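# fold the following for me, if possible:
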Amino acid sequence: MSTRKIALLGVFIALCVVGRLAFVSIPNVQPVTAIIIICSFWMGPISGVILAAGSTLATNLVLGSGTWTITQIIAWSTIGVMSGLLGKWFKKTPVIILAIYAGVCGLLYGFVVSLERVVIGKMFWPYYLAGLPFDINHAIGNVIFFLILFPILTRLLRERAEYMLQ
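Okay, the predicted model is just below:
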């Protein structure tokens, strides 16, 4: 991985941290998932995993860490890998389909993070069902953030890709 790509990932990690902290007062509404989807779509699955892990660790230094940190990394990394593969195989996917995908990823994220309850020996289904309204907030927020950020980040990433090829 080139130094430029690592630096670009560092910038996106910082963007995720700032975005997550800026919206911390609105439960489960944050641009992190949308940023991971967009960056992974254009930069690949490995970049998605690095972005997911770095963003989670950095924001949880401020917001607090616990057993959920591991499931957050797993959830966002899974989304990063899926998005990276989607970008490799289906580059011409319509934006509205990708926005719906971003919403589904919000629900997937909530499900995977809720699996932490199984690991620590607590009841999964009551916890997951109680958190479903928050997961729906996350899904709706993802769609909105995706539609706002996709044109901006896509342009930035395409310009960077052309610059890196020179």
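
# the helices in the protein, which residues?
3-22, 32-43, 45-63, 67-89, 95-114, 116-119, 124-165 (DSSP state H).

# now for the fourth one, which elements pack on it?
For helix 67-89, the elements it packs on are helix 32-43, helix 45-63, helix 95-114, helix 116-119, judged by 3 or more CB pairs under 8 Å, 6 or more residues apart in numbering; DSSP states H and E. For every residue, glycine as well, the C-beta is placed using N, CA and C.

# deepest of the helices of the chain, which one?
Of all the helices of the chain, helix 32-43 carries the top mean neighbour count, a mean of 27, counting by mean count of other CB atoms under 10 Å.

# so how far is residue 137 from residue 65?
For residue 65, the distance to residue 137 equals 22 Å [CB to CB, to the nearest Å].

# if we can go back for a sec, redo the helices and strands packed on helix 67-89 as CSV? Include distance to residue 158.
Listed next are the helices and strands packed on helix 67-89 as CSV, based on distance: least, CB to CB, whole Å:
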stretch, distance to residue 158
helix 32-43, 7
helix 45-63, 15
helix 95-114, 14
helix 116-119, 37
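
# indicate which one of those is closest to residue 10.
Residue 10 lies closest to helix 45-63 among those, at 7.8 Å (CB to CB).

# ok, and what's touching the closest one?
Residues outside helix 45-63 that contact it (CB atoms under 8 Å, 6 or more residues apart in numbering): 1, 5, 9-10, 12-14, 16-17, 20-21, 24, 32, 35-36, 39-40, 69, 72-73, 76-77, 79-85, 88.

# next, the angle from that helix to helix 3-22.
Per axes from the mean of the first three to the mean of the last three CA atoms, to 10 degrees, the angle that helix 45-63 makes with helix 3-22 is 40 degrees.

# quick one: low-confidence parts of this structure?
Applying pLDDT under 70 to the chain picks out residues 160-166.

# gap between the most centrally placed residue in it and residue 19?
In the chain, the residue lying closest to the centroid (CA atoms, centre = their mean) is residue 33, at 2.5 Å. Between residue 33 and residue 19 the computed distance is 10 Å (CB to CB).

# go on, residue 156?
From residue 156 over to residue 19 (counting by CB to CB), the distance is 15 Å.

# same check, this time on residue 45
Applying CB to CB to residue 45 and residue 19 gives a distance of 21 Å.

# equivalent analysis for residue 62, please.
13 Å.

# residue 79 contacts residue 105, correct?
Yes. In terms of CB atoms under 8 Å, residue 79 counts as a neighbour of residue 105; the distance is 4.9 Å.

# mutual contacts of the two, please.
Shared contacts of residue 79 and residue 105, counting by CB under 8 Å, 6+ apart, come down to 33, 37.
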